[in-house]
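Visitor: prediction below, plus the sequence it came from.
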Amino acid sequence: MSNGSLVRREGKTPYLLPPGDLEVILCSERETRRRAHEDDVDFLMRYLNIDKAALFYLAEMGGGELLPGDIKFEQAVDRKYDEFDEEILTDICKPDGEPYMNLLFRSRGGQYWVSLARLATSEYGLLLVSFAVTKARETCKQKLTLFLVDGLIYNFDSYNFEKLLGVLSKSDFQSALVLPPYQESNILDKDEGVVALKELDYLVQWQLRVLERSEWGGC
């Protein structure tokens, strides 16, 4: 235990998962589809493939560079009003009787907390990717880590996409991502059938690989 939180350690180094050879972290839009009766804790544990102790450890680090701010978890409440307009608060529980937990986010310098479900679409994507990046940074302290991103970043604007590439470029793990189609004009030079990355500072550390359909198993 450290400051009331359960933290795994090897010597003096904290880590999320037992050491191993390789960890592949897939940041996939497919895994963000909510399942019946999942609260935010259940959803994030499944999406990140971690346990509750690791999730709460990551949450203490906030939204990271992609979405600076604070994160906390609270039990969801149902607000109703009686005939005298008095507010009645009732704790919400899951079918098994356990508390239904919501993630709340407050942007850096902000005053109000916003639930995960009420974040703007872009903020929602940034927060989920940020969680995965933070996990990758912690995991790579113990083992080789490969960070993969697909359609989850398709709604990023040019500013946030560039910021993501910058964050990944200076990380100690390897990264690969699928280039969103609408970013191609900002990223790629196409000349007589030859496709290459533009000569931009934030692209210097990146390499382009054009995959044939048979290489990624598309239909």
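Guide: Nice, thanks for sending it over.

Visitor: only C-alpha atoms from now on, for both contacts and neighbour counts.
Guide: OK.

Visitor: now stretch 175-190: average pLDDT?
Guide: For stretch 175-190, the mean pLDDT works out to 92.

Visitor: show me what counts as buried in that stretch.
Guide: 175-176, 179, 187-188 (16 or more other Cα atoms under 10 Å).

Visitor: could you do stretch 23-32 as well?
Guide: Applying 16+ other Cα under 10 Å to stretch 23-32 flags 23, 25-29, 32 as buried.

Visitor: try stretch 104-119
Guide: So stretch 104-119, judged by 16+ other Cα under 10 Å, has buried residues 104-107, 114-116.

Visitor: pull the helix or strand with minimum mean pLDDT from the chain.
Guide: In the chain, the helix or strand scored least confidently by mean pLDDT, DSSP states H and E is helix 213-216, which has a mean of 55.

Visitor: got CSV for the buried residues of stretch 104-119, with pLDDT, secondary structure and distance to Lys52 too?
Guide: Formatted as CSV, these follow (pLDDT from 0 to 100; DSSP: H, G, I helix; E, B strand; the rest coil; distance: Cα to Cα, whole Å):
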residue, pLDDT, secondary structure, distance to Lys52
Leu104, 98, strand, 16
Phe105, 98, strand, 18
Arg106, 98, strand, 21
Ser107, 96, strand, 23
Val114, 97, strand, 21
Ser115, 97, strand, 19
Leu116, 97, helix, 17
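
Visitor: now those in CSV, with distance to Phe73?
Guide: Shown next, in CSV, are those (distance: Cα to Cα, whole Å):
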residue, distance to Phe73
Leu104, 6
Phe105, 9
Arg106, 12
Ser107, 15
Val114, 11
Ser115, 9
Leu116, 10
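
Visitor: what about the strands in this structure?
Guide: Applying DSSP state E to the chain gives strands spanning 8-10, 13-15, 22-27, 69-75, 77-81, 87-91, 101-107, 114-115, 144-149, 174-177, 188-191, 194-197.

Visitor: list the contacts of the fifth one.
Guide: Same thing as strand 77-81. 87-92 (Cα atoms under 8 Å, 6 or more residues apart in numbering).

Visitor: shaky segments in this structure?
Guide: Along the chain, the model assigns pLDDT under 70 to residues 1-20, 213-219.

Visitor: list the buried ones in the top helix by length along it?
Guide: Secondary structure of the chain per DSSP state H: the longest helix is helix 121-139. Counting neighbours by 16+ other Cα under 10 Å, one finds that the buried residues in helix 121-139 are 123-139.

Visitor: before we move on, what about stretch 188-197?
Guide: Per 16+ other Cα under 10 Å, stretch 188-197 contains these buried residues: 188, 197.

Visitor: quick check: end-to-end length of it?
Guide: Counting by Cα to Cα, to the nearest Å, you get 5 Å between the two ends of stretch 188-197.

Visitor: about what we covered before: can I get the buried residues of stretch 175-190 in JSON lines with distance to Glu162?
Guide: Formatted as JSON lines, those follow (distance: Cα to Cα, whole Å):
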{"residue": "Ser175", "distance to Glu162": "14"}
{"residue": "Ala176", "distance to Glu162": "14"}
{"residue": "Leu179", "distance to Glu162": "12"}
{"residue": "Ile187", "distance to Glu162": "10"}
{"residue": "Leu188", "distance to Glu162": "13"}
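
Visitor: how about Gly69, what does it touch?
Guide: Gly69 touches 62-63, 105-109, counting by Cα under 8 Å, 6+ apart.
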